[in-house]
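>>> what's the 3D shape of this:
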Amino acid sequence: MKKDPNQPVVTLDAGARAPDTRKRAFADYLFGRRLTTGEEEEHRIGPLAGVPVLGLDALSSAAYGPEAALTLLLPLGALGLARVVPITAIIIALLLIVYFSYRQTISAYPNGGGSYTVAKENLDSRSALVAGAALAVDYILNVAVGISAGIGALASAFPSLLPHMLALCLAVLVFLTLINLRGTRDTGLTFLVPTYLFVGTLTAVIILGGARAIASGGHPVPVVTPPAVPAPVETAGAWLLVRAFASGCTAMTGVEAVSNGVPIFRKPTVPNAQRALTLIIAILVVLLAGIAVLCRIYGIGATAPGAAGYESVLSELTGAVVGRGGFYYLTMSSVVAVLCLSANTSFADFPRLCRVLALDRYLPDTFAIRGRRLVFSYGVVVLAILSGLLLLVFGGVTDRLIPLFAIGAFLAFTLSQAGMVAHWRKSSAAERRHSLWINLLGAIATGITTVVVAVSKFTEGAWLAIVALSALVFMFSRIHRHYGVVAKQVADDEPLDLSKTQPPIVVVPVQTWNKLASRGLRFAIELSPDVHGLHILTQDSTISELTTTWEELVAGPARAAGRPVPNLVLRKSTYRQFFAPLIDYVEQLRDDNPDRDIVVIVPDLVVRHWYQAFLHNNRGAWLRTLLRLRGGPRVVVVNTPFHLAD
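Residues are numbered from 1 along each chain as shown. Model prediction:
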């Protein structure tokens with residue numbers, strides 16, 4: 001068939017070349033081979049793998065949630081132990097309400113996004129931004145709290161590590177970052193064994209401790225006597241109990257993770273996500289209830305965090321039930337591993353949250369780009385940096401971070417449940433009325449808890465979380481506004497206008513004759529008949545060596561080829577500067593020719609090895625930056641690289 005010359009030519013590129021495996025062997029070893037977009041489905045996970053990927057935050061909170069409550073109850077002495085069971089019972093009841101609510105969210109919004117998506121679809125943009133900011137703060141704090149709690153548990157077993165807690169925290173953070181850059185499936189497989197070892201060993205401690213308590217008529221003798229509970233110095237006032245409840249509520253953080261990460265589950269997506277959530281909540285309820293009851297029975301209280309002789313509640317409890325033998329160290333090793341790895345929930349969900357925000361233009365577009373292993377690498381790296389800064393500021397001590405922790409989680413809970421109430425009011429589904437009441441109860445319960453946590457923890461550092469939330473909402477709004485302004489300015493529905501086009505004026509900086517200058521001028525002549533070779537005289541002279549050689553090197557060859565002859569322009573620099581007179585000349589050309597574009601060709605030397613860059617002045621990079629800042633919309637910068645052979 002004969003091709004119509006009036007029809008546009010449309011070609012479909014077959015794709016990029018296969019990467020050079022020799023050059024990328026180290027990256028493949030560190031992060032794994034690059035994955036194609038078509039491999040995404042086989043890298044989705046099932047409910048069992050969903051527990052280590054999305055449930056470690058919730059499960060690990062069983063270690064520091066009860067301890068946080070017991071720490072607040074220290075002034076009550078032994079009386080505080082009697083209060084931990086009812087406080088935990090209230091937390092479990094609240095947890096179950098939130099569980100049933102999030103099952104509804106998973107079903108209604110299977111594309112993920114959690115609280116942010118629900119608030120955006122059913123409330124308003126401001127509520128959505130608050131929910132997004134709350135989730136972001138929660139995820140960042142979860143990384144810092146989880147890692148510091150894990151290292152704290154390790155230091156309980158090996159007190160000599162106490163002076164090195166911060167360094168150990170940062171080492172774990174680097175490890176988690178590298179693991180998560182390898183992809184979701186690899187992360188799940190890596191964490192599968194430590195997760196279920198944690199669940200198994202801690203459940204065994206609870207069952208054995210409960211059996212010994214029953215056999216002894218409720219008064220078991222600890223194998224290893226826990227530290228003595230201090231004498232009471234305060235009565236059980238309502239305010240103290242409220243603060244203890246607020247601290248214990250950190251055990252509920254991470255419950256929303258599954259609703260945020262629904263798309264990572266294999267088909268059928270919604271049932272698999274709901275099964276994973278059910279499994280996570282069931283395990284967490286057993287752990288919370290068992291720990292609280294056994295602490296009461298065995299007389300186990302908290303010790304002062306960060307102080308000499310500190311020992312975690314789980315260490316005390318495990319020692320009291322099974323002693324300090326091999327099973328103790330196996331249990332504590334699993335606790336340390338899961339606490340440290342609990343940050344993985346944030347690494348799974350924070351990048352996805354950033355992606356959703358980026359798609360809605362509330363974060364830079366780069367957050368929506370998938371990396372080599374189909375994960376949103378920018379989100380992973382940013383999360384690591386922010387949580388690392390938190391660890392540095394707070395010295396890696398869990399108790400200093402706890403007051404900041406629960407506000408973001410419960411604010412996200414509340415907005416999600418309120419959004420779901422609005423969703424069901426608009427819905428015509430058969431389960432509409434039943435589901436509406438579940439979410440309404442969840443909204444009321446979590447809303448009250450949010451207020452309690454914010455008020456009770458305000459002076460202890462919760463104000464910082466509130467400030468961070470406000471700052472994030474402001475930042476999201478400004479980014480969105482910027483993208484809106486850009487969209488209006490670049491929008492154009494008019495066809496291509498070629499009626500007034502003129503060739504540009506091309507300027508090529510030429511300081512000496514070499515292959516860089518030759519390449520730049522050759523490319524300039526191909527662009528336009530009006531080419532200016534600009535030479536800056538930085539010495540006390542009005543002549544350059546190029547003046548006498550220009551005819552031989554440039555003008556003569558141009559005429560012989562029948563091409564326009566470039567002009568040689570000399571500019572004297574009074575103060576021996578290079579950039580200022582060059583920029584002034586470009587601005588002068590721009591102002592004198594208002595109907596033409598000015599193209600500046602910047603010859604640039606490209607070195608073969610990164611360390612060789614320090615041996616050169618990198619003048620081209622500086623020039624490009626200055627031209628973009630000062631040139632204006634009609635100054636175009638083009639780079640002509642010259643690659644060194646070695």
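>>> quick one: the helices in the stretch 201-350 of the chain?
Secondary structure of the stretch 201-350 of the chain by DSSP state H, counting those that start in this stretch: the helices cover 238-248, 257-260, 269-298, 313-322, 326-341, 344-359.
>>> cool, the stretch 401-550 of the chain as well?
Using DSSP H, counting those that start in this stretch, helices in the stretch 401-550 of the chain cover 432-456, 463-490, 515-527, 545-550.
>>> Is it possible to get JSON lines of those that adds distance to residue 625 and mean neighbour count?
For the C-beta atoms, the positions are set from N, CA and C on the backbone; glycine is no exception. Shown next, in JSON lines, are the helices of the stretch 401-550 of the chain (distance: least, C-beta to C-beta, whole Å; neighbours: other C-beta atoms under 10 Å):
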{"stretch": "helix 432-456", "distance to residue 625": "45", "mean neighbour count": "19"}
{"stretch": "helix 463-490", "distance to residue 625": "20", "mean neighbour count": "14"}
{"stretch": "helix 515-527", "distance to residue 625": "18", "mean neighbour count": "18"}
{"stretch": "helix 545-550", "distance to residue 625": "26", "mean neighbour count": "14"}
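>>> how about those in JSON lines, adding mean pLDDT and distance to residue 73?
Output for the helices of the stretch 401-550 of the chain, formatted as JSON lines (pLDDT from 0 to 100; distance: least, C-beta to C-beta, whole Å):
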{"stretch": "helix 432-456", "mean pLDDT": "80", "distance to residue 73": "13"}
{"stretch": "helix 463-490", "mean pLDDT": "88", "distance to residue 73": "23"}
{"stretch": "helix 515-527", "mean pLDDT": "92", "distance to residue 73": "73"}
{"stretch": "helix 545-550", "mean pLDDT": "84", "distance to residue 73": "84"}
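>>> one step back: want to throw the helices of the stretch 201-350 of the chain into TSV with distance to residue 607?
TSV is the format used below for the helices of the stretch 201-350 of the chain (distance: least, C-beta to C-beta, whole Å):
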stretch	distance to residue 607
helix 238-248	56
helix 257-260	44
helix 269-298	49
helix 313-322	55
helix 326-341	41
helix 344-359	34
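>>> To residue 164, which of those lies closest?
Closest to residue 164 of the helices of the stretch 201-350 of the chain, according to C-beta to C-beta: helix 326-341, at 14.1 Å.
>>> sorry, back to before: can you tell me which of the helices of the stretch 201-350 of the chain is packed in deepest?
helix 257-260 (a mean of 31; mean count of other C-beta atoms under 10 Å).
>>> What is that one packed up against?
Packing contacts for helix 257-260, counted by 3 or more C-beta pairs under 8 Å, 6 or more residues apart in numbering; DSSP states H and E, involve helix 47-54, helix 78-108, helix 114-122, helix 269-298, helix 344-359.
>>> which other residues reach it?
Defining contact as C-beta atoms under 8 Å, 6 or more residues apart in numbering, one finds that helix 257-260 is touched by 50, 54-55, 57-58, 102, 105-106, 109, 112-115, 135, 273, 276-277, 280, 345, 348-349, 352-353, 416.
>>> And stretch 416-430, by the same measure?
Contact partners of stretch 416-430, identified using C-beta under 8 Å, 6+ apart, comprise 98, 101-102, 104-105, 108, 114-115, 118-119, 121-123, 127, 131, 256, 259, 432-433, 435-436, 439-440, 442-443, 446-447.
>>> hmm, 7 Å instead?
101, 104-105, 108, 114-115, 118-119, 121-123, 131, 256, 432, 435-436, 439-440, 442-443, 446 (C-beta atoms under 7 Å, 6 or more residues apart in numbering).
>>> before we move on, the earlier item: can the helices and strands packed on helix 257-260 go into JSON lines with extra columns for mean pLDDT?
Output for the helices and strands packed on helix 257-260, formatted as JSON lines (pLDDT from 0 to 100):
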{"stretch": "helix 47-54", "mean pLDDT": "82"}
{"stretch": "helix 78-108", "mean pLDDT": "82"}
{"stretch": "helix 114-122", "mean pLDDT": "85"}
{"stretch": "helix 269-298", "mean pLDDT": "89"}
{"stretch": "helix 344-359", "mean pLDDT": "86"}
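>>> Residue 370: which of those is closest?
Proximity to residue 370, assessed across the helices and strands packed on helix 257-260 by C-beta to C-beta, is greatest for helix 344-359 (8.6 Å).
>>> next structured bit after that closest one?
Per DSSP states H and E, the first helix or strand lying C-terminal to helix 344-359 is helix 377-394.
>>> Give the rounded mean pLDDT of that following helix.
The pLDDT scores in helix 377-394 average 87.
>>> out of the helices of the stretch 201-350 of the chain, which comes closest to residue 411?
helix 238-248 (13.4 Å).
>>> Residue 169 is nearest to which of the helices and strands packed on helix 257-260?
Among the helices and strands packed on helix 257-260, the nearest to residue 169 by C-beta to C-beta is helix 344-359 (14.6 Å).
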